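[1] Below are the sequence and a predicted model for it; my questions follow.
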Amino acid sequence: MKLGKSSGCHQRADRSFFWHGYQFPICARCTGVVSGYFWGGLLYLKIQLPIEWCLLMCLIMFIDWHIQHLGIKKSTNVRRLLTGMLCGVGYMQLMIYLLKSLIRIIL
């Protein structure tokens, strides 16, 4: 749990998954983002998504968070996980693209 706390996650029990009675060290949305980083990196080896898609994938998570924050509709842990994964994939692909661009500029 200390690792999750140090990552900046709020670790709210009502927004976290549990496995055999133990709470995940990060919330559902952070779980999605972290797993999205992994899948985004693997996906990049086969398919490089357009930058616009990557930005849209990140925006979808923000919209879900914002709708919940405004009290319009409460998000579910499954939706938090899925929108977090979309954002994680999009963000990782953007970071790889930016890193490759920087390397090309420097070298």
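    Received it, and whenever you're ready, just let me know what you need. Numbering: from 1, shown residues only.
[2] was I right about Q48 contacting Q93?
    Yes - counting by C-beta atoms under 8 Å, Q48 does reach Q93; the two are 6.8 Å apart. Placement of C-beta: from N, CA and C, glycine included.
[3] Give me the more crowded residue out of the two.
    Each of Q48 and Q93 has its neighbours counted (other C-beta atoms under 10 Å); Q93 has more, 25 against 13.
[4] roughly how far apart are the most centrally placed residue in the chain and S75?
    In the chain, the residue lying closest to the centroid (C-alpha atoms, centre = their mean) is V33, at 2.1 Å. Noted for V33: a distance of 14 Å to S75, by C-beta to C-beta, to the nearest Å.
[5] what about whatever helix or strand I60 lives in, distance to the chain center?
    Assigned by DSSP states H and E, I60 belongs to helix 51-69. How far helix 51-69 lies from its chain's middle: 10 Å, per C-alpha atoms, centre = their mean, to the nearest Å.
[6] Show me the helices in the chain, by range?
    For the chain, the helices defined by DSSP state H occupy 2-6, 28-46, 51-69, 77-106.
[7] Redo those as a markdown table? Include distance to H20.
    Below are the helices of the chain laid out as a markdown table (distance: least, C-beta to C-beta, whole Å):
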| stretch | distance to H20 |
| --- | --- |
| helix 2-6 | 17 |
| helix 28-46 | 16 |
| helix 51-69 | 28 |
| helix 77-106 | 17 |
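[8] so which of those comes closest to Y22?
    Between Y22 and the helices of the chain, the shortest separation by C-beta to C-beta is 12.0 Å, and it involves helix 2-6.
[9] quick one: low-confidence ranges for this structure?
    Scanning the chain for pLDDT under 70 picks out the ranges 1-6.
[10] quick one: contacts for V34?
    Contacts for V34 were tallied using C-beta atoms under 8 Å, 6 or more residues apart in numbering; they are 26, 88.
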